[in-house]
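> have a look at this prediction, sequence included:
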Amino acid sequence: MNPRVEKALNEQVIKESSSSQFYLAMASWSENNGLNGTSKFLYTHSDEERFHMLKLIKFINERGGKAVIPGIAQPPVEFDNLERVFELLLEHELAVTASINNLVDICLQEKDYTTHNFVQWYVSEQLEEEALARSILDKLRLIGGDKGGMYMFDRDLEAAVNLSAKIASQPA
Ligand code: OFO
């Protein structure tokens, strides 16, 4: 495997791993603050990031490279409020998108079209995740500090998570 591409892929492994930990910390904070639907959403999101990391690890190894498993850095324990959680989530996703774009760039420079093709999955995934984070943030800004609105937001998010889990468990 091209060493420059391998290095960039391993850097992406670190990013996906830290995304997973970051969202796990957010999920735990939400759970402790009575936001059960939001915590469910964030626990699921954390699992998805772990899956993104695993997909990279497998790809690196299958292509003759060596995946490096990163250590775990401590994510924050406290967050100011739910709006701040999703602001941080969106900022984080934007940074991940920039890193994926950089990876695409390196693949093209190194003429590694197989990895370029593989990375396209992450390009579309980032698009979806950014759009989702933005729409959640818009809703939270609309609600402001309203407790009733927050209750409904949390309930709706739980319903959305349950629905996508149900769809995912159905046979294709
Ligand atoms: Fe890995 O998809 Fe976002 O960060």
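Looks like it came in fine.
> quick check: residues of the protein near the ligand?
16, 19, 49, 52, 93, 96, 125-126, 129 (Cβ under 6 Å from any ligand atom). Glycine gets a C-beta too; all of them are placed from N, C-alpha and C.
> and which of those is nearest to P3?
In terms of Cβ to Cβ, no member of these lies closer to P3 than E16, at 20.4 Å.
> so who does the residue most central in space within the chain touch?
The residue lying closest to the centre of the chain (Cα atoms, centre = their mean) is E49, at 4.7 Å. By Cβ atoms under 8 Å, 6 or more residues apart in numbering, the residues touching E49 are 16-17, 19-20, 23.
> with neighbour count and distance to Q120 as extra columns, can I get these in a markdown table?
Below are those laid out as a markdown table (neighbours: other Cβ atoms under 10 Å; distance: Cβ to Cβ, whole Å):
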| residue | neighbour count | distance to Q120 |
| --- | --- | --- |
| E16 | 23 | 16 |
| S17 | 22 | 21 |
| S19 | 24 | 19 |
| S20 | 22 | 21 |
| Y23 | 25 | 23 |
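> next one: the residue nearest to the centre of the chain from L89, what distance?
11 Å (Cβ to Cβ, to the nearest Å).
> now the common contact residues for these two.
By Cβ under 8 Å, 6+ apart, the residues touching both E49 and L89 are Y23.
> neighbours of N102, how many?
By the criterion of other Cβ atoms under 10 Å, N102 has 13 neighbours.
> please begin residue numbering at 726 from this point
Happy to do that; since the first residue is 726 now, the last one works out to N827.
> check which helix or strand covers it.
Secondary structure assigned from DSSP states H and E places N827 in helix 807-834.
> next, N806: phi, psi?
Here is the backbone geometry of N806 (degrees, to the nearest 10): phi -170, psi 180.
> lowest-pLDDT helix or strand in this structure?
Lowest by mean pLDDT, DSSP states H and E among the helices and strands of the chain is helix 872-894, with a mean of 90.
> list the buried residues in that one.
By neighbour count with 16 or more other Cβ atoms under 10 Å, helix 872-894 contains the buried residues 875, 878-879, 882-883, 886.
> which of those sits closest to A893?
Taking Cβ to Cβ as the measure, V886 is the one of those closest to A893, at 10.6 Å.
> I am finished for the moment; much appreciated.
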